[in-house]
Structures are given as structure tokens and as C-alpha cells.
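K.L.:
Have a look at this fold, sequence not included:
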């Protein structure tokens, strides 16, 4: 078993103690994304959203799933929220690049962004 699978197992064990922890579902979804298991990631995401639809990390994972599924309009909307909600700015530029890319993939010739390059 690899590191990601071990981490999924550990998070699933944690859910046995705190089944309504939306953030743990988000962690599991992110781990599945790292393994390229998009359907499993979406299922974990949906479980977390059922608990807390406003969770920031779930919005982040949702944006990445929508990007991988080439759902450009949805990914654009989510990455806009994720980039804007990064209070310390640590990841804002990273997610703003995805925001820009999703717009370009959607056919927007001049995407909204303050970034010059990504």
C-alpha cells in the first residue's frame, strides 16, 4: 500500500470517530485526486458537501475536480472564490493561475486576472 492509500485509510478511520467532519471528507477527496481517482474524489467531496457546503477546502477540491472534468464555467467560478478567499495570499496566486487557465479553456480571449503570467 502506498502513502496516499495509507493516508486515505487513516482518514477513513478518523471518520469512524467524527463522521460529520466535512474537512476529513475533503482530505480524502484530495488524496483520491492525487491518485487520479476522480470518481472516488467526487464521491468523497459530495459526502463532505452534504455536511458543510460552505467549507473552503471542499470548494478548493471541487474546483480542481471540475477543472479535470473540463467543466470550465464551474471551475472558473470556483477558482475565483478560492483565490479570493485565501486570507494570507499564500495560495491565491496559484489558484488565480487555475482561474485564468479555466477561463482560457472556456474560450475567453482576455481572462480576468491581475496576473501577467502563470
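P.N.:
That came through, no problem. Here the structure is a predicted model, which means the values were calculated and not measured.
K.L.:
wait, doesn't residue 60 sit right on residue 82?
P.N.:
Yes: taking Cβ atoms under 8 Å as the definition, residue 60 is a contact partner of residue 82 at 5.0 Å. Where C-beta positions appear, they are placed from N, C-alpha and C, glycine not excepted.
K.L.:
any low-confidence regions in the chain?
P.N.:
By pLDDT under 70, the low-scoring segments of the chain are 87-88, 114-118.
K.L.:
shared neighbours of residue 60 and residue 82, anything?
P.N.:
residue 95 (Cβ atoms under 8 Å, 6 or more residues apart in numbering).
K.L.:
Go through the helix or strand where residue 45 lies and flag the buried ones.
P.N.:
Following DSSP states H and E, the helix or strand that holds residue 45 is helix 38-51. Neighbour-count burial for helix 38-51 flags 40-42, 44-45, 47-49, 51 (criterion: 16 or more other Cβ atoms under 10 Å).
K.L.:
Flag every buried residue along the very next helix or strand once past it.
P.N.:
Using DSSP H and E, the next helix or strand after helix 38-51 towards the C-terminus is helix 56-68. Using 16+ other Cβ under 10 Å as the burial criterion, the residues of helix 56-68 that qualify are 57-67.
K.L.:
again with stretch 80-88
P.N.:
Residues 80, 82-83, 86 are the ones in stretch 80-88 that count as buried (16+ other Cβ under 10 Å).
K.L.:
what's the most distant pair in those residues?
P.N.:
Using Cβ to Cβ, the two most remote members of these are 80 and 86, lying 11.7 Å apart.
K.L.:
and the gap between residue 77 and residue 27?
P.N.:
Using Cβ to Cβ, to the nearest Å, residue 77 is found at 23 Å from residue 27.
K.L.:
neighbour count winner among those two?
P.N.:
Higher neighbour count among residue 77 and residue 27: residue 27, with 21 against 16, using other Cβ atoms under 10 Å.
K.L.:
can you give me how far the one helix or strand the more buried one maps to is from the chain middle?
P.N.:
Assigned by DSSP H and E, residue 27 belongs to helix 22-34. Computed by Cα atoms, centre = their mean, to the nearest Å, the chain-centroid distance of helix 22-34 equals 9 Å.
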